[in-house]
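S.K.: Sequence and predicted structure below; questions after.
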Amino acid sequence: MASYLSAAAEVAACVANPTMQCREDAERASLKKYFLPDSFVNWYQGERRLLGFEPPTLSEIPIFLIAIPTVAGILGSFILAKIGAMFSFFMSGIQGKLKGDFAKIGFMLVAILLISIVIFILFLYFGPKKEVYNDFVGTQKSIGLIYLGFQNQTAPMSESSYKLVNVQPLAIKQVAFVGPYENEGLFDPSLAIQTEVRSGATFFTLQIDYLEKKKDSGKFDDVGVPTLIYRNGLGNLISKNGASISEVATQLSNYLFNPDLGASKIPVIVYLHFVKTPDQIKNPTEYLNFLKKVSEALKPIHQYILKDDADNFRRQKSEISLLQLALPTIEKKIILLSNADTSIFRNSQATGGAMSPISDLDSFVNMRVYLDNPDDKIGVTQPVSEGKAHAVIVPYDRILNMSDSERSIFAMKGKSRFVIAMPNPQQNPTFEELKKLLSSTGVNAIPLNLIGTDPAPVNKIINLWTPSRPFYMLKQMMLQSYTTTVSPYS
């Protein structure tokens with residue numbers, strides 16, 4: 001009775017507030033009325049979203065309260081009756097009780113059917129697995145057997161082309177966020193990361209922030225703690241909850257290389273985009289402690305972060321070599337980028353001497369991201385003070401509004417660096433814009449929101465990364481780098 005009243009209360013609340021999220025909550029409460037576990041409800045709602053269906057409307061929600069057990073009972077009784085009749089017929093055949101040629105032929109057909117089902121089940125569990133690319137609306141398209149990392153039957157990846165500087169991954173703007181990104185969006189790390197991996201994403205942004213005012217402790221991390229939240233272009237909080245970095249890291253470790261989701265052994269890129277940190281000049285101790293907390297929260301993925309035997313890819317020591325790294329030569333690795341200055345970890349006076357390896361964020365960052373233009377303001381990203389920036393971030397709108405001549409100059413500079421074009425928080429580029437910019441500007445990654453918006457245009461966007469070129473696209477040939485490939489183990 002309590003469960004029924006809970007579901008009814010959710011439905012009643014939606015009468016005054018018929019938002020998408022309220023409908024989702026009412027749907028969940030209706031399903032929970034039948035004592036279904038959270039894992040099943042999460043799976044059901046996730047599959048519904050993947051198939052592009054919205055939660056039921058207010059007039060449809062009562063169906064959940066009445067029709068589900070009725071339909072389930074009728075269907076279950078029918079299936080059980082048929083299984084019972086088939087089993088009884090089969091046993092009669094074994095015992096020699098069947099009479100007539102037709103009955104005996106029927107027995108043979110049932111026996112063949114049952115044996116075939118057993119063989120099929122055994123094949124599913126013990127036979128060769130086939131990798132699949134799963135687009136946003138849930139249509140699984142076979143891309144052939146993947147034997148060696150990136151390679152498949154239709155488009156083997158040549159080591160000379162598939163280098164970090166040349167690839168264009170499907171990129172996520174804020175990992176674990178399921179939208180809607182216009183307002184009142186939600187974080188759901190397990191559902192979001194599974195969906196993003198199944199969509200073929202290989203670039204995951206963690207927009208790291210912190211709260212200055214206390215929020216509901218059941219939905220947000222404490223004040224001052226590094227966390228994932230969603231803000232609009234004015235910096236105002238618009239997500240109804242947040243996500244802890246440690247939970248996100250755990251889900252990334254669970255799903256990034258999980259073949260059951262269509263993932264493979266290919267390396268992925270994780271970008272730590274710090275939106276806000278304590279002031280590193282005025283409060284260096286607070287800044288250091290903030291970065292330490294981020295590193296400790298990322299512990300579940302530490303084992304995957306790229307290094308070689310001499311740790312040359314750690315502490316941004318080999319950024320040029322990393323750009324030219326042949327990605328097919330490494331498997332199940334994370335290439336970690338960050339826009340924050342982590343060099344403070346190299347200052348023994350600032351760190352107070354010995355530093356726990358788990359806390360040393362600088363030791364895990366493979367490449368630092370700088371501003372392409374000093375006049376831009378994108379999180380805590382800084383312009384390069386000396387030397388050359390090997391990875392840069394630029395506002396998406398600035399590239400979109402470039403003249404043809406400006407775009408050509410920008411594209412040629414991109415031949416020797418990894419370029420991220422970041423859209424505004426509430427902006428999702430169109431298919432036409434993406435296709436044009438990816439082919440003409442040398443941009444490597446344009447982070448997107450894949451969940452919480454109309455699935456039709458999102459599915460069209462995802463199909464830019466076609467099954468014939470799984471997981472990564474390549475820059476236009478004239479914008480690729482042809483420097484000699486560097487292997488981390490040579």
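M.R.: Perfect, I can see it now.

S.K.: okay, CA-based contacts and neighbour counts for the rest of this
M.R.: OK.

S.K.: Ile238 touches Tyr230, doesn't it?
M.R.: Yes: using Cα atoms under 8 Å as the test, Ile238 is close enough to Tyr230 to be in contact (5.9 Å).

S.K.: for stretch 440-457, which positions count as buried?
M.R.: For stretch 440-457, burial by neighbour count (16 or more other Cα atoms under 10 Å) applies to 440-453, 455.

S.K.: Out of the residues you listed, the closest to Leu337 would be?
M.R.: Nearest to Leu337 out of those is Ala445 (Cα to Cα; 12.5 Å).

S.K.: And the pLDDT for the closest one?
M.R.: pLDDT for Ala445: 95.

S.K.: which ones are touching the nearest residue to it once chain neighbours are set aside?
M.R.: Nearest residue to Ala445, sequence neighbours excluded (Cα to Cα, 6 or more residues apart in numbering): Ile420, at 4.8 Å. Residues in contact with Ile420 (Cα atoms under 8 Å, 6 or more residues apart in numbering) are Ala391, Val392, Ile393, Val394, Val443, Asn444, Ala445, Ile446, Pro447.

S.K.: Can you name the residues in contact with stretch 374-392?
M.R.: Applying Cα under 8 Å, 6+ apart, the contact partners of stretch 374-392 are 273-277, 319-320, 323, 339-340, 367-373, 393-395, 416-420.

S.K.: run the last query once more with 6 Å
M.R.: Residues from elsewhere that reach stretch 374-392 (Cα atoms under 6 Å, 6 or more residues apart in numbering): Phe274, Val275, Asn339, Val369, Tyr370, Leu371, Asp372, Arg417, Phe418, Val419.

S.K.: Equivalent analysis for stretch 298-316, please.
M.R.: Stretch 298-316 has contacts (Cα under 6 Å, 6+ apart) with 246, 249-250, 253, 333-335, 362-367, 488.

S.K.: one more time with 7 Å, if that's ok
M.R.: Contacts to stretch 298-316, defined as Cα atoms under 7 Å, 6 or more residues apart in numbering, come from residues 245-246, 249-250, 253, 318, 332-336, 358, 362-368, 488-489.

S.K.: Give me the buried subset of those.
M.R.: Buried members of the contacts of stretch 298-316, counted by 16+ other Cα under 10 Å: 245-246, 249-250, 253, 332-336, 358, 362-368, 488.

S.K.: Quick check: Asn236 vs Ala243, distance?
M.R.: Computed as Cα to Cα, to the nearest Å, the Asn236 to Ala243 distance reads 17 Å.

S.K.: hang on, the earlier thing: give me the subset of the contacts of Ile420 that lies in strands.
M.R.: Ala391, Val392, Ile393, Val394 (DSSP state E).

S.K.: quick one: which of those residues is nearest to Leu400?
M.R.: Using Cα to Cα, the shortest approach to Leu400 within the ones in strands among the contacts of Ile420 belongs to Val394, at 10.7 Å.

S.K.: ok, the closest residue to that closest one other than its chain neighbours - how many residues close by?
M.R.: Spatial nearest neighbour of Val394, chain neighbours left out: Ala421 (5.0 Å); criterion: Cα to Cα, 6+ apart. When neighbours are defined as other Cα atoms under 10 Å, Ala421 has 21 of them.

S.K.: And for Phe204?
M.R.: Neighbourhood size, Phe204 [other Cα under 10 Å]: 27.

S.K.: Listing partners with orientation, what would you give for the helix or strand hosting it?
M.R.: Element membership for Phe204, per DSSP states H and E: strand 203-209. In the sheet containing strand 203-209, its partner strands are strand 171-172 (parallel), strand 227-228 (antiparallel), strand 268-274 (parallel), by DSSP bridges.

S.K.: closest one to Tyr162 among the ones you listed?
M.R.: Of all the strands paired with strand 203-209, strand 268-274 comes closest under Cα to Cα, at 12.8 Å.
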